[in-house]
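1. Take this sequence and fold it.
(one chain, ligands or ions: 2)
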Amino acid sequence: MEKILKTENISKSFPGVLAVDNVSFGLQSGEILALIGENGAGKSTLTNILGGVLNPDQGRIILEDKEVSFQSSHDAIREGISMVFQELSLVGNLSVAENIFANRHPVGPVNNIRWRKLYRETEDLLLKFNLDLDPMMLVKRLSMGQQQILEILKAISTNPKVLILDEPTSSLTEAEIDYLFQNIRKLQDQGMSFIYITHKLSEVFQIANRVMVMRDGKYVGTEKMSTITEADLVSMMVGREIINVYGAASGNTMASEYFRVENFCREGAFHNITFGLRRGEILGFAGLVGAGRTELAQSIFGAEPKDSGQVNIDGKPVKISGPRDAIKNRIAYLTEDRIGLGLFLSMQIRDNLIAPFLKQLSSTIGFMKKKLIDRHVREKIKEFAIATPSIYQKILNLSGGNQQKALVAMWMGIRPEVIIFDEPTRGVDVGARVEIYQKLREFALAGTGIIMISSDLPELIGMCDRILVMHQGEIKGEVLPDDYSEELILSFATGLNSQPLG
Ligand SMILES: Nc1ncnc2c1ncn2[C@@H]1O[C@H](COP(=O)(O)OP(=O)(O)OP(=O)(O)O)[C@@H](O)[C@H]1O
Ligand SMILES: [Mg+2]
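-> Numbering: from 1, shown residues only. Ligands and ions are numbered 1, 2, ... in the order given. Here you go, the predicted structure:
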């Protein structure tokens, strides 16, 4: 098979990190090449170079036997390489159509935007991909999943020869993933070639023809899917074997209930939610995207309103009218949207790690503050194994998994009694996942109750002492470890089955 795209000795460094180290690889024409590796392995940096977003320090890019060099992503798109970025890049206040055709609106004789043509072309595109969206709708009103699909559509609309997808499914539902895969296969049949970055090995086996592994900026190898096992891939990625991803349960779930949510309601979001949490318990919340789990979690934390409902701690009602109250009561909420809500991206890792208890630090510690903070931050970086060249690195420049670890480290600083963790390992590699799971186990063992919202069923089954399943804003069932199965959980999640809580 001929190569459509290859690199020769590409390197790229950032202050303190050699992100891509002398990588040579080839993409065959019409293939889907999965690109995997731990957080910080250099996957996004390499593909950002191919997509014209970053300039390499050295090396050559060869597209269809011709050397190319890009000054911008427009150059790359013009040559036929389009990219879907790891983080959403749509503009919320613009419409679906304007986002798809950003910077290349059809224009008339005096450079006026031809709106009718813009909407019509968008409609054609949406129709071609069977998408029921209004071209004039503002993007901020779409769900994260819809935005992601739109992002992909935008890249496809440039008719690329090579399409690079950087973790495209991290906020998609099962149905959306199926939809995406069908369309990728369809485009592959029409001759498009793909580089597909993901942390989900099951996806690699589902969609890819070959898989390429990077570690610490270096090229490790490329294998055909037909001749490699999942275990082999994991050891290629981490350079060691990983045996038990989820660790062992603490077994101290007999402890008494200390945290209780009573009758939480919000019109259109969730209804009559009542449940208790025991010390040391890891309580899972399963459900399809849109079941109301995040809305519920954010209202418990006081970040979103509720129509009615009460939180009790140790049998006493507590008033939570905002996140500040929640933090005072030692309730931590780790958001699924770490980019939009969780972290202060443009700030240093140091400032992020102390953000939730800044007030405490500044009022009591006085002139010792700086040194103490630095020490605290260094300890946390070590404790949570955050890979960063310094405590002053901007969060923005950390890899996705390291951002997630920073989010965990930041919230653990308030010494929470209750941790609500929304999608704890989205976009996080195997190695970092094991570390996050281990940390959660440690907190549970020390008596902290953990509410874990996840769309990853194996993760819920592997980690939780009990799983509540939501469907359309209500708790439809409670599943205990003896009965754990994806089928049973899904039967509640899809509303096929329902069993009132006893
Ligand atoms: N703009 C930047 N400035 C400084 N360092 C950076 C920048 N971009 C990436 N890095 C660093 O380069 C290394 C490679 O990062 P990269 O984002 O390419 O990893 P990745 O394989 O995509 O990881 P993930 O799976 O977490 O997305 C990391 O150590 C990261 O912190
Ligand atoms: Mg990345």
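2. Just name the shakiest helix or strand of the protein by mean pLDDT.
-> Here the helix or strand of the chain ranked lowest by mean pLDDT, DSSP states H and E is helix 358-365, holding a mean of 54.
3. any idea how far L46 lies from ligand 1?
-> To ligand 1, L46 is 7 Å away according to Cβ to the nearest ligand atom, to the nearest Å. Bear in mind the C-beta positions are built from the backbone N, C-alpha and C, glycine included.
4. tell me the contacts of that residue?
-> Contact analysis of L46 by Cβ atoms under 8 Å, 6 or more residues apart in numbering lists T7, I10, K12, V20, V23, L35, M214.
5. and the stretch 301-450 of the chain, which residues reach ligand 1?
-> Within reach of ligand 1 by Cβ under 6 Å from any ligand atom, the stretch 301-450 of the chain has these residues: A387, N397, L398, S399, G400, G401, D429.
6. Burial check on the fifth one, number of neighbours?
-> Okay, so that is G400. If you count neighbours by other Cβ atoms under 10 Å, G400 ends up with 24.
7. ok, and the closest non-adjacent residue to it?
-> Leaving aside its sequence neighbours, G400 sits nearest to G427 (Cβ to Cβ, 6 or more residues apart in numbering; 4.3 Å).
8. Tell me how far that neighbour lies from S308.
-> 35 Å (Cβ to Cβ, to the nearest Å).
9. Among these two, which residue is more densely surrounded?
-> G427 (24 against 10).
10. So the more buried one belongs to a strand, correct?
-> No: per DSSP: H, G, I helix; E, B strand; the rest coil, G427 lies outside any strand segment and is coil.
11. So that it lines up with my notes, have the first residue be 5 from now on.
-> Got it, the first residue is 5 from now on, which makes the last one we talked about G431.
12. got a list of what the closest residue to ligand 2 within the stretch 155-304 of the chain touches?
-> Distance from ligand 2 to each residue of the stretch 155-304 of the chain (Cβ to the ion) is smallest for D170, at 5.9 Å. Contact analysis of D170 by Cβ under 8 Å, 6+ apart lists K47, S48, T51, M87, V88, F89, Q90, I201.
13. how about the residues you listed, which pair is most distant?
-> K47 and V88 (13.3 Å; Cβ to Cβ).
14. from the contacts of D170, which is closest to ligand 2?
-> Of the contacts of D170, the one sitting nearest to ligand 2 (Cβ to the ion) turns out to be S48, at 3.1 Å.
15. okay, now that closest one: neighbour count?
-> S48, neighbours per other Cβ under 10 Å, totals 26.
16. now do D25
-> D25 has 17 neighbours, counted by other Cβ under 10 Å.
17. Let's see the pLDDT reported for it.
-> D25 is assigned 96 on the pLDDT scale.
18. For it, which three-state class applies?
-> strand.
19. How about L184?
-> Judged by three-state DSSP, the three-state class of L184 is helix.
20. Tell me, how many residues neighbour it?
-> When neighbours are counted by other Cβ under 10 Å, L184 registers 21.
21. check contacts around it.
-> Taking Cβ under 8 Å, 6+ apart, we find L184 in contact with I153, I156, P172, T173, L176.
22. Skipping its backbone neighbours, what lies nearest F18 in space?
-> N401 (6.8 Å).
23. now swap in G451 and tell me
-> R283 is the one closest to G451 (Cβ to Cβ, 6+ apart), at 4.5 Å.
24. Please work out how many residues are found near that neighbour.
-> Neighbours of R283 (other Cβ under 10 Å): 19.
25. can you check L131 too?
-> Using other Cβ under 10 Å: L131 sits among 10 other residues.
26. cool, N13 as well?
-> By other Cβ under 10 Å, neighbour count at N13 equals 12.
27. Equivalent analysis for N116, please.
-> 10.
28. What confidence value was assigned to it?
-> Listed pLDDT for N116 reads 70.
29. any idea how far it is from ligand 1?
-> 37 Å.
30. which residues does G296 contact?
-> When contacts are counted by Cβ under 8 Å, 6+ apart, G296 touches A273, F274, M474, Q476, G477, E478.
31. pLDDT weak spots in this protein?
-> Scanning the chain for pLDDT under 70 picks out the ranges 5, 107, 109-115, 244-247, 254-258, 341-351, 356, 359-372, 505-506.
32. Next to ligand 2 in this structure, residues from it, please.
-> Counting by Cβ under 5 Å from the ion, the chain comes close to ligand 2 at S48, Q90.
33. Now the nearest residue to the residue of the stretch 155-304 of the chain closest to ligand 2 once chain neighbours are set aside. Its backbone dihedrals?
-> Distances taken as Cβ to Cβ, 6+ apart place Q90 nearest to D170, at 4.2 Å, with adjacent residues excluded. Dihedral pair for Q90: phi -60, psi -40, per degrees, to the nearest 10.
34. Run through the residues that contact V143.
-> With Cβ under 8 Å, 6+ apart, V143 has these contacts: L94, V95, G96, N97, L98, S99, V100, N103, Q151, L154.
35. typo on my end, it should be Q503
-> K480, G481, E482, F496.
36. For burial, what's the neighbour tally of I8?
-> Based on other Cβ under 10 Å, the number of other residues close to I8 is 22.
37. and the gap between it and A235?
-> I8 is 31 Å from A235, where distance means Cβ to Cβ.
38. swap in R264?
-> Look at R264 and A235: by Cβ to Cβ, they are 43 Å apart.
39. Can you point out the buried residues in stretch 481-491?
-> Under the neighbour-count criterion of 16 or more other Cβ atoms under 10 Å, stretch 481-491 has G481, E482, V483, Y488 buried.
40. So the third one is in contact with D469, correct?
-> Okay, so that is V483. No: between V483 and D469 there is no contact under Cβ atoms under 8 Å: 10.9 Å.
41. Next, the contact list for whichever residue of the stretch 55-204 of the chain sits closest to ligand 1, please.
-> Distances between the stretch 55-204 of the chain and ligand 1 by Cβ to the nearest ligand atom are smallest at Q90, namely 5.7 Å. Shown in contact with Q90 (Cβ under 8 Å, 6+ apart): S48, D170, E171, I201, G404, G431.
42. Take those residues and keep only those in strands.
-> Taking DSSP state E, the ones among the contacts of Q90 that sit in strands are D170, I201.
43. As JSON lines, the contacts of Q90 with distance to R437 would be great.
-> Putting the contacts of Q90 into JSON lines (distance: Cβ to Cβ, whole Å) gives the following:
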{"residue": "S48", "distance to R437": "18"}
{"residue": "D170", "distance to R437": "18"}
{"residue": "E171", "distance to R437": "14"}
{"residue": "I201", "distance to R437": "16"}
{"residue": "G404", "distance to R437": "12"}
{"residue": "G431", "distance to R437": "10"}
